[in-house]
Every structure is written in structure tokens, then in C-alpha cells.
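Undergrad: Have a look at this fold, sequence not included:
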Ligand code: FAD
Ligand code: DHB
């Protein structure tokens, strides 16, 4: 089989790239090692930047998001028993974010792909990129007891942090930067109205907490937990009690509870692999970088990578120019590192670190105090949270 762009991974980055290419008339095939239902069963991000929303519209997959998503103009920073609102809209000259779950966005892109007739091969085992430093690269994969070959012009590695694309790059060609944080996030989903109409990021002596949502009737809550925490130790009652302890009293009193229907622990890590292009192989999204979730940037960075790669591929196919492809890694990484910095900063400001000294604690308090009293400081936070320009 032959296609123009072979895409490894049917997560948000692979699906978005695939749909933008299909709409622009560039042939592509997506392969994933798991099936559709498994992908749709993963609960992950929930906050979309305007740039991400625009790309979903361009991919003609934005209709349900506009109908059901919740535009948010601000969020709350809670600490020291009080609340401070960050007015995203006012501080950024009218920008906002969209609350819409990654699961729903993925479903919309899958539906759109199905309608457009483009091919996705699910349950493709042992996908491997080959000869991407040559003129005619190809993928091999196992399916139905046979090893298949897919020849292509380019390979997009959209296969997440543990995928095959980055592993296929010779170690000497790749430079990795990593920071592992000494805690994780325990998250739940429950069918209850959110505690507040906007998100609450809470700094508390017992640890960080985040109140988010998926709709007016479905809440997503997270609490900081030790890295070695076991999910079996967290019955719902314990979770709700701990969440309430970490919120200012007026919010704690308003928390509505119900049995959770999803519960998971995610470790926190910053990771960047450089460069993001190896001749005809491109790393996209989590395959190239991971950020701690505190700044809500993981999914949005995957989308901005797609923007740069799509632009480069279109220039190649429609104008015969490789300028965009050649600039992909540099442009994507420049935006990636700013989001890595922002996510690290938000994480550092809002979490309790096991080895925090009195000095570190005072600095954290000063940072929060500065944010609540300086419009310039709040503006810098807001500008990053809504998403830097592409
Ligand atoms: P992925 O979503 O990981 O998709 C990769 C796809 O590739 C998957 O479908 C996978 O099955 C497939 N794949 C993997 N290996 C292979 C292979 N060898 N062959 C073929 N296919 C393969 N971000 C936020 O902003 N907020 C959050 O709250 C948040 N929570 C998260 C919680 C968890 C547990 C994780 C892991 C991530 C979270 N993120 C969050 C990050 C965000 O979800 C990711 O940044 C986003 O999913 C990246 O999309 P992607 O398409 O690049 O990668
Ligand atoms: C969600 C996750 C985040 O990491 C974040 O910063 C905000 C919201 C969420 O899952 O809703």
C-alpha cells in the first residue's frame, strides 16, 4: 500500500493532522495499536486554547464543541482560605478558553474522518518506521497474522510518549531534557454539577487541588498525591473529604458529591526531545514532549505542533516548497519550550513539594501575593494560559 503521509497514532494529534490533510486533499493513513473504544475510554485533558478551537473548525470537526463546550472567561486561584479570580478575557484583550473533554474532541475527529472516507487501521501491532532518512520511507505493522508495508512520502509520529516513532530515532541524533516531579494527580469524574462555574486551582498546605468540569452536570476533580499512592486506597468518601479540606470554606461547603465513575493517577513530568524532525519522520505532540498538566497545555501543544507540520506539508504539496518542513522543528520547539516553562512555573507555584524549605514556602507565598496585586503579573499568567500566538 502507498499513501502520501503515514500517521502513527490515532490520538488528538494524529486525528487532527489527518483531518486537516484530508480536507486539503492530501492522502493519509492513520495506524494505531489499540482499538477505537480503548482510545475513547481514556479520560485526559479538558481545556482548549482558541488556536486549538480554530484548528478543529478548520478540520470541520468543531460543530459539537461549539454547541456543547463551555467558553470560560476566567478561573480562580484559591489559597490562604480565599479566592482570586484571573480575568482571562479582560487581561488578554478578549481571549477565552473552551472547556471540552479530550474524549469528545477525539470522538468528533474520528466521526469526521469516517465521513470523509479516510483510512484508519486500528489494532496494528508492532508499527515500525523504516528508511525515513531516504527518499521512500515506509512503515511495517502486523495485522491479522501478516506483516504489512505502507510506503509514503512522510511519516508523522503522533504516537504519544511511549510510542514507536521516537524510539526509532538513533539515540545519538536525539537530545532529551527531563524533569520528574515528586508527586502525581489523582483525578475523578462524577455526575454532579461543578462546585463553581469556573475552574478553581487551589494551593493548600495539604497539597494542590483542581476543580474542573466537563459539562454543567459533570465534574472533574484532581488532588495532588504521593507518587507511590495506590488507587485502591482512595474510596470516593476519602476523595471527597480530602478535596473539601483543600478548598476555601465557601467552596468546600458547595461541593456536591456522587459515586465517581472514573478514577486514575497520573505522574507529573516535563520532557522534551530535540529535534522534532529526522528527515522524513516528524515527532508530533506527546511523542516529542510532555508537560505536567497544571497549565492545561499538553493537548494544546499537540495542536500547535500539528499547525506547523500541516502548514509545512501543504507548502510542500501545493507550492513545491520545503521551507515549512525545514522550519518545523525550530518553530514547534520555540512554542513548546514556552509552554514547558509555564507548566513548570504553575506546578511549582501551586503544589507542595516534599522537601520544601521555609525559604521555598515564603517564595511561593510571595509569588501568589504578587499575582493577586500586580496586573502585569496576572497578565503574564493569562497570556500564557489562553495560549501564545502560533
Ligand atoms: P496521545 O493522546 O497519547 O495519542 C497517541 C496515540 O498513539 C494513542 O492512541 C496510542 O494508542 C497510539 N500509539 C502509541 N504507541 C503506538 C504504537 N507503537 N503504534 C501505534 N500507535 C501507537 N493534558 C492536559 O492538558 N490536561 C490534562 O488533564 C491531562 N491529563 C492527562 C492524563 C494522562 C494520564 C496522560 C497520559 C496525559 C494527560 N494530558 C493532559 C496530556 C494530553 O492528554 C496529551 O498531551 C495529549 O493526549 C497528546 O495527544 P497525542 O495525540 O500527541 O498523544
Ligand atoms: C483539566 C485538566 C488540567 O490539567 C487543567 O489544568 C485544567 C483542567 C481537566 O481535565 O478538566
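TA: Everything's here; your move. As the structure is a computational prediction, the values presented were derived from the model and not from experiment. Ligands and ions are numbered 1, 2, ... in the order given.

Undergrad: Where do the strands of the stretch 1-150 of the chain begin and end?
TA: Ranges of strands in the stretch 1-150 of the chain, per DSSP state E, counting those that start in this stretch, are 5-8, 28-31, 47-48, 70-72, 75-79, 82-86, 97-99, 119-121, 125-130, 138-143, 146-151.

Undergrad: Could you look over these and pick the most buried one?
TA: Greatest average neighbour count among these goes to strand 5-8 (a mean of 27), per mean count of other C-beta atoms under 10 Å. Placement of C-beta: from N, CA and C, glycine included.

Undergrad: helices and strands around that one, which ones?
TA: On a contact count with 3 or more C-beta pairs under 8 Å, 6 or more residues apart in numbering; DSSP states H and E, strand 5-8 meets helix 12-23, strand 28-31, strand 138-143, strand 154-157.

Undergrad: Going along the chain from the longest helix belonging to the chain, find the next helix or strand for me.
TA: Taking DSSP state H as the criterion, the chain has its longest helix at helix 323-350. Using DSSP states H and E, the next helix or strand after helix 323-350 towards the C-terminus is helix 358-373.

Undergrad: tell me which residues in the helix or strand immediately after that following helix in the chain are buried?
TA: Next helix or strand after helix 358-373 toward the C-terminus (DSSP H and E): helix 375-386. Neighbour-count burial for helix 375-386, counted by 16 or more other C-beta atoms under 10 Å, picks out 378-379, 381-386.

Undergrad: now do stretch 144-164
TA: Judged by neighbour count using 16+ other C-beta under 10 Å, the buried positions of stretch 144-164 are 148, 150, 152-160, 163-164.

Undergrad: now for these, which pair is the farthest apart?
TA: Greatest spatial distance in those: 153 and 160, 23.0 Å, computed using C-beta to C-beta.

Undergrad: Tell me the one among the buried residues of helix 375-386 nearest to ligand 2.
TA: Nearest to ligand 2 among the buried residues of helix 375-386 is residue 385, at 8.8 Å by C-beta to the nearest ligand atom.

Undergrad: Can you get me a residue count around the residue in the chain that ligand 2 sits nearest to?
TA: Nearest to ligand 2 in the chain, going by C-beta to the nearest ligand atom, is residue 46, at a distance of 2.6 Å. Burial of residue 46 is recorded as 25 neighbouring residues (other C-beta atoms under 10 Å).

Undergrad: so how far is residue 41 from whichever residue of the stretch 151-300 of the chain sits closest to ligand 1?
TA: Scanning the stretch 151-300 of the chain for the residue nearest ligand 1 gives residue 285, at 2.2 Å (criterion: C-beta to the nearest ligand atom). Distance, residue 285 to residue 41, by C-beta to C-beta, to the nearest Å: 19 Å.

Undergrad: can you check residue 277 too?
TA: Applying C-beta to C-beta to residue 277 and residue 41 gives a distance of 32 Å.

Undergrad: Between those two, which has more neighbouring residues?
TA: Applying other C-beta under 10 Å to residue 277 and residue 41 shows that residue 277 carries more neighbours, namely 22 against 11.

Undergrad: dump the residue contacts of that one.
TA: When contacts are counted by C-beta atoms under 8 Å, 6 or more residues apart in numbering, residue 277 touches 283, 325, 328-329.

Undergrad: For those, work out which two are farthest apart.
TA: Spanning the widest gap among the contacts of residue 277 are 283 and 325, at 13.4 Å by C-beta to C-beta.

Undergrad: Near ligand 2, which residues of this protein? Just list them.
TA: 45-47, 199, 210, 212, 220, 293-294, 296 (C-beta under 6 Å from any ligand atom).

Undergrad: okay if I get those residues as CSV plus pLDDT and distance to residue 7?
TA: Below are the residues of the chain next to ligand 2 laid out as CSV (pLDDT from 0 to 100; distance: C-beta to C-beta, whole Å):
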residue, pLDDT, distance to residue 7
45, 91, 20
46, 93, 24
47, 98, 25
199, 98, 32
210, 98, 32
212, 98, 29
220, 97, 29
293, 98, 25
294, 97, 29
296, 97, 25
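
Undergrad: Which positions within the longest helix of the chain qualify as buried?
TA: Within helix 323-350, the residues that count as buried by 16+ other C-beta under 10 Å are 324-325, 327-329, 331-333, 335-336, 339-340, 342-350.

Undergrad: same question, stretch 132-139
TA: Neighbour-count burial for stretch 132-139 flags 132, 137-139 (criterion: 16+ other C-beta under 10 Å).

Undergrad: and it, is it in reach of ligand 1?
TA: No. Judged by C-beta under 6 Å from any ligand atom, stretch 132-139 makes no contact with ligand 1; its nearest approach is 9.3 Å.

Undergrad: now do stretch 342-355
TA: No. Using C-beta under 6 Å from any ligand atom, stretch 342-355 never reaches ligand 1; the gap is at least 8.8 Å.

Undergrad: For residue 354, which non-adjacent residue is closest in space?
TA: In space, residue 354 comes closest to residue 182 once its chain neighbours are excluded; the distance is 5.3 Å by C-beta to C-beta, 6 or more residues apart in numbering.

Undergrad: any chance of the buried residues of stretch 144-164 in JSON lines, plus pLDDT?
TA: Shown next, in JSON lines, are the buried residues of stretch 144-164 (pLDDT from 0 to 100):
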{"residue": "148", "pLDDT": "98"}
{"residue": "150", "pLDDT": "98"}
{"residue": "152", "pLDDT": "98"}
{"residue": "153", "pLDDT": "98"}
{"residue": "154", "pLDDT": "98"}
{"residue": "155", "pLDDT": "98"}
{"residue": "156", "pLDDT": "98"}
{"residue": "157", "pLDDT": "98"}
{"residue": "158", "pLDDT": "98"}
{"residue": "159", "pLDDT": "98"}
{"residue": "160", "pLDDT": "98"}
{"residue": "163", "pLDDT": "98"}
{"residue": "164", "pLDDT": "98"}
